[in-house]
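# Everything below, folded, please.
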Amino acid sequence: MLRRHWQWGVVLALSGGLMSGCSSAAARRQAGAAPAEPRAEAAELPLEKAVQAHAHFGAGVVHEMNGEVAAALEDYYQAARTDPTDDGLVLDVSRRLVQAKQLDKALEVVSRAAARPGASGPIFARLGRIYAESGKTEQAVAANRTAIKKAPELLTGYHNLFLLFIQAKQPAQALAVLDEAARQPSADPEFLMGLAELYLDLGMQVPAEKEKAHAQALEALNRVARLDPQATQLRLMLADSFSLLGDTAKAAQLYADLLNRLPDAPVFGELRERIRLKLTQIYLRAADHKHAVEQLEAIVHENPANPDAYFSLGTLAFEDKKWAEAAEHFSKTILLSPEYERAYYDLALAQLNLKQASQAFATLGQARQKFSRDSQNFDLENITGLAYSIDKNYPRALEYLNRAEVIAQAKDPKRLDQFFLYRIGAACERTGDLAKAEEYFQKCLKLEPGFAEALNYLGYMWAEHGLKLDQARELIEKALKLEPKNGAYLDSLGWVLFKLHEPKQALAYILQACDLLEEPDPTVFDHLGDIYAALQQPDKAREAWRKSLALEPSQDIRKKLEAAPVPANSKGAEAK
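This is a model prediction of the structure:
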């Protein structure tokens, strides 16, 4: 009784929590040890030795409180050396010595504990680890084998052996150790979770064993699920592991169950948000925007000041072409976090899709004021160029797109992808630089030969200017194979056939284009009028030109309409 009473006196004197060794349950858990069995302490260790051990440990605590690390370690070492019968003390002190790279002392105190009759599995596991760190592989293997024999229900010995075989590049032996652990019939959830992590580690380090290792990891996780552990942290780890291994259905079920179990108290708000984000990621991987949005909306309902959640909602709305929703979410992102740079650019893009050019320019202006101090902002210049293109100010568009190109060439050439090259090629064509436009379109198609829009644009550009008509037809036909119901591409093919003096064939494609286009297009009706005129059908040509003029005023089309022959019986009506 004297020893125990004296120990608690020291604990109370030193404010309890600072004393982490000396048979404490916390120390045993930290070391992976099983709960210590009751022992007749006075019979195991003479009273004088017990007092010496506790005196050294208490002195070590005081030294540690005063920042005297070396002196603290020496007293801890002397405490464990004096009392090798206390597993918790030996494990705690040896851990400290290993961390301080004092392997010889750590080996000494653990060896003394292991030499006792009936030494525990955790002591031999620690001995195996120290042998391994000292480069004594054979002794390490033997010690860990003894640890497994003495305590097969603890993972530590298996873990140590696994690491030894992995480091020795013996994956078959490493896998055999894990399979031996998996055969333990009474393994608890913590054991099985740790085992699953080791299987995953094996799969990462030995790709040839990845498939088998992952199957075994899943089996371990399924055993945990069947045990139905109730601890929140363990269930969260289980869900994370299922998700990592691709069983997203079980992961989602566990996450949803955790959300239902968690109290509504604000203290659990951060954990609920983490779980909802994990669910969101699962739904996004499955392209399930509906359920992903539900989770994100739940996050902002509980935490209305979360800019990341609003930004994710905006991104999903943008991908679903819900431009107004996207703009609203991006605006909230900026309101909550004015430094959220990407939100400005995506807001501007949403506004451009809403045909709100002035708002988009205002948003880009705010971004320019905040983020372009070094004038090296690719996104800003690129999206500004796009905005001017949509606003049909092509010289200004080309100015900003050229700036973006220079920035990307200097900083990140990968930004010059097929979409950027297409955009700048179109701006060059609109400003009349056909040679430069062709150069950019060719670069674009070299990067992505199946880019239908670029195939059509280059083919149409050549056809419009009477250039390379056979090649133009070939490009447009490739675009139509990719998108056979695209009205714009059908119009392009009809137009190139007209330029190739095949108006009858051209007519069929132009009429299909008229049927398929979502909105009437003045250019298509202009083409239709030219084809009818070539086919000597002036009445139909005039009708088509009139439709074109009704959609968009054009002096050229008006001249064609005035020059077209008018049947005698309709001159009066035409005059009106």
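# what sits against the spatially most central residue of the chain?
Central residue of the chain (C-alpha atoms, centre = their mean): residue 281, 8.0 Å from the mean position. Residue 281 makes contact with residue 243, according to C-beta atoms under 8 Å, 6 or more residues apart in numbering. Just so you know, the C-beta spots here come from the backbone N, C-alpha and C atoms, and that holds for glycine as well.
# So for it, what's the pLDDT?
Among the per-residue scores, residue 281 shows a pLDDT of 95.
# Where does it fall, secondary structure wise?
helix 269-285 (DSSP states H and E).
# Buried ones in that helix, by neighbour count?
By neighbour count with 16 or more other C-beta atoms under 10 Å, helix 269-285 contains the buried residues 272, 273, 275, 276, 277, 278, 279, 280, 282, 283, 284.
# Tell me which two of these sit farthest apart.
272 and 284 (18.5 Å; C-beta to C-beta).
# Against residue 140, how distant is the residue lying closest to residue 300 once chain neighbours are set aside?
Closest residue to residue 300 apart from its sequence neighbours, by C-beta to C-beta, 6 or more residues apart in numbering: residue 309 at 4.9 Å. Per C-beta to C-beta, to the nearest Å, residue 309 is found 49 Å from residue 140.
# ok so, going back, put together JSON lines for the buried residues of helix 269-285, with distance to residue 516 on each row.
Shown next, in JSON lines, are those (distance: C-beta to C-beta, whole Å):
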{"residue": "272", "distance to residue 516": "49"}
{"residue": "273", "distance to residue 516": "47"}
{"residue": "275", "distance to residue 516": "47"}
{"residue": "276", "distance to residue 516": "43"}
{"residue": "277", "distance to residue 516": "42"}
{"residue": "278", "distance to residue 516": "44"}
{"residue": "279", "distance to residue 516": "41"}
{"residue": "280", "distance to residue 516": "38"}
{"residue": "282", "distance to residue 516": "38"}
{"residue": "283", "distance to residue 516": "34"}
{"residue": "284", "distance to residue 516": "33"}
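# which one among the residues you listed gets closest to residue 164?
Using C-beta to C-beta, the buried residues of helix 269-285 come closest to residue 164 at residue 278, 34.2 Å.
# where does the stretch 1-150 of the chain dip in pLDDT?
For the stretch 1-150 of the chain, applying pLDDT under 70 flags the ranges 1-45.
# 80 instead?
1-46 (pLDDT under 80).
# At which residues are the helices of it located?
Under the criterion DSSP state H, counting those that start in this stretch, the stretch 1-150 of the chain carries helices at the ranges 2-13, 25-30, 41-44, 47-65, 69-82, 87-99, 103-114, 121-133, 137-150.
# tell me the angle of the fourth one relative to helix 87-99?
Just to be clear, that refers to helix 47-65. Computed by axes from the mean of the first three to the mean of the last three C-alpha atoms, to 10 degrees, the angle separating helix 47-65 from helix 87-99 equals 40 degrees.
# packing partners for helix 47-65?
Under the contact definition 3 or more C-beta pairs under 8 Å, 6 or more residues apart in numbering; DSSP states H and E, helix 47-65 sits against helix 2-13, helix 69-82.
# Mind checking the helices of the stretch 1-150 of the chain for the one nearest to residue 472?
helix 121-133 (71.5 Å).
# Show me what that closest one is packed up against.
helix 87-99, helix 103-114, helix 137-150, helix 156-167.
# The strand or helix carrying residue 176 - what's its average pLDDT?
Applying DSSP H and E as the criterion places residue 176 in helix 171-182. Helix 171-182 shows a mean pLDDT of 96.
# which is the next helix or strand following it?
Note on helix 171-182: by DSSP H and E, the next helix or strand toward the C-terminus is helix 189-205.
# What are the buried residues along that following helix?
189, 191-203.
# And for stretch 428-446?
Result for stretch 428-446 [16+ other C-beta under 10 Å]: buried residues 428, 429, 430, 436, 437, 438, 440, 441, 443, 444, 445.
# Distance to residue 476, secondary structure and pLDDT added to those, as a markdown table?
Below are the buried residues of stretch 428-446 laid out as a markdown table (distance: C-beta to C-beta, whole Å; DSSP: H, G, I helix; E, B strand; the rest coil; pLDDT from 0 to 100):
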| residue | distance to residue 476 | secondary structure | pLDDT |
| --- | --- | --- | --- |
| 428 | 20 | helix | 97 |
| 429 | 15 | helix | 97 |
| 430 | 19 | helix | 96 |
| 436 | 21 | helix | 97 |
| 437 | 16 | helix | 97 |
| 438 | 15 | helix | 97 |
| 440 | 18 | helix | 97 |
| 441 | 13 | helix | 97 |
| 443 | 19 | helix | 97 |
| 444 | 16 | helix | 97 |
| 445 | 13 | helix | 97 |
